[in-house]
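Student: need coordinates for the below:
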Amino acid sequence: MLSRRSKPTRAGITSAATLLAFCVAVLALPAAGIAAPIEEPPAPIEEPALPQLSFLPGNYDFGLQRTNSNANQATLQLRNDGEAIAPIYSLEIVGPGSNAFWLGQSSCFGANLNPNDTCSVQVNFNPGEAISYDVQLRAGSERGTSFSAGLSGEGGRAIIGPVSDPADFGATAVGSPGVTRTIEVTNSGNYPGGAFIAVIAGGAVGSFQLLDENCTGLLLDPEETCTLLVNFRPLSSGVKTARLGLFGDSEGGSQITLTGIGTDAVAPQVNGLPTAASAPTPGPRRKHRVRPRRNSSLHRYRRVSVSALRWTH
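Tutor: Sure, this is the predicted structure:
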């Protein structure tokens with residue numbers, strides 16, 4: 001038998017209305033000043049730490065190095081001071097005068113350094129000019145970071161030359177003892193150097209003579225000097241020029257110009273007249289043969305004796 005649906009009572013209708021009113025009130029709570037719960041933003045994604053590298057030593061000075069000679073070498077260490085792996089993408093030397101430096105053997109090219117790991121870089125220095133150099137050794141890593149060490153040095157060169165050039169001996173008479181001059185030579189460079197031979201060559205070499213010197217075989221420190229003793233004794237009249245060459249282990253050596261004038265000899269005079277020393281020497285006198293006188297008596301006796309001898313025979 002089918003049951004008959006019961007009708008809702010007044011009490012049930014009241015309960016349903018009350019529940020609906022409660023829900024509406026709850027939904028209206030934020031409008032009444034009660035804050036709704038706020039959602040927290042998502043945590044940011046942490047990027048890996050930037051590389052932290054350093055060179056040991058941080059600066060290296062090659063000191064005074066002779067120009068255009070054997071290269072001086074130094075080895076620097078590159079260390080990872082950070083907490084993440086540091087890749088090494090590039091190594092270069094930058095700055096004015098960087099062509100005097102170049103990289104040698106290295107374990108850093110393309111390396112990935114773990115924290116506290118190191119690699120080595122060899123640097124060479126050979127200056128071409130007598131000047132000071134100041135450049136940087138630079139290592140490039142991730143995200144454009146770079147780290148550098150200072151490199152410095154100075155080119156050295158000895159410059160040997162005369163204090164005054166040319167050396168003028170003035171006018172000197174032909175046939176005279178000549179004129180002697182002391183020529184001073186100095187090292188105006190910034191590096192020790194000297195000469196191993198000094199010779200007079202070119203031009204009127206016969207009119208100049210190197211008498212003595214203390215320049216060859218010795219190293220001259222910067223600003224030190226040495227001397228050469230040269231005599232000018234012209235062989236003929238006229239302007240005389242020659243070269244005094246200093247040849248050594250320094251670049252270029254040194255050439256000193258020697259110059260003087262030979263004049264004709266002039267006879268010394270006293271009161272306008274030639275002196276006895278300058279008077280002409282008379283030529284040799286012709287000797288006359290003197291015949292001895294004959295003794296007439298003896299001559300006749302000789303003639304008679306000869307006739308007698310003839311008759312005897």
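Student: outline the domain layout of this protein.
Tutor: Per automatic domain parsing, the structural domains of the chain span 53-156, 160-263.
Student: could you dump those domains into CSV and include distance to Pro42 and mean neighbour count?
Tutor: The C-beta positions use only the backbone N, C-alpha and C, and glycine is treated the same way. Output for the domains of the chain, formatted as CSV (distance: least, C-beta to C-beta, whole Å; neighbours: other C-beta atoms under 10 Å):
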stretch, distance to Pro42, mean neighbour count
domain 53-156, 24, 17
domain 160-263, 67, 17
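Student: worst average pLDDT in those domains?
Tutor: Here the domains of the chain differ in mean pLDDT, and the lowest is domain 160-263 at a mean of 91.
Student: span of that one from start to end?
Tutor: End-to-end span of domain 160-263 (C-alpha to C-alpha, to the nearest Å): 33 Å.
Student: quick check: phi and psi on Pro57?
Tutor: Here is the backbone geometry of Pro57 (degrees, to the nearest 10): phi -80, psi 160.
Student: OK, contacts around it?
Tutor: By C-beta atoms under 8 Å, 6 or more residues apart in numbering, the contact set of Pro57 is Leu76, Ala149.
Student: isn't Phe247 right next to Gly253, touching?
Tutor: Yes: taking C-beta atoms under 8 Å as the definition, Phe247 is a contact partner of Gly253 at 4.8 Å.
Student: mutual contacts of those two, please.
Tutor: What both Phe247 and Gly253 touch, as defined by C-beta under 8 Å, 6+ apart, is the set Ala195.
Student: can you pull the contacts of Cys108?
Tutor: So Cys108 contacts Leu78, Ile88, Leu91, Cys119, Ser120, Val121, Ala139 (C-beta under 8 Å, 6+ apart).
Student: out of these, flag the one nearest to Leu211.
Tutor: Nearest to Leu211 among the contacts of Cys108 is Val121, at 56.9 Å by C-beta to C-beta.
Student: so that closest one belongs to a strand, correct?
Tutor: Yes: counting by DSSP: H, G, I helix; E, B strand; the rest coil, Val121 is part of a strand.
Student: now it: closest residue in space that isn't a chain neighbour?
Tutor: The shortest distance from Val121 to any non-neighbouring residue, by C-beta to C-beta, 6 or more residues apart in numbering, is to Ser106 (4.6 Å).
Student: thank you, goodbye.
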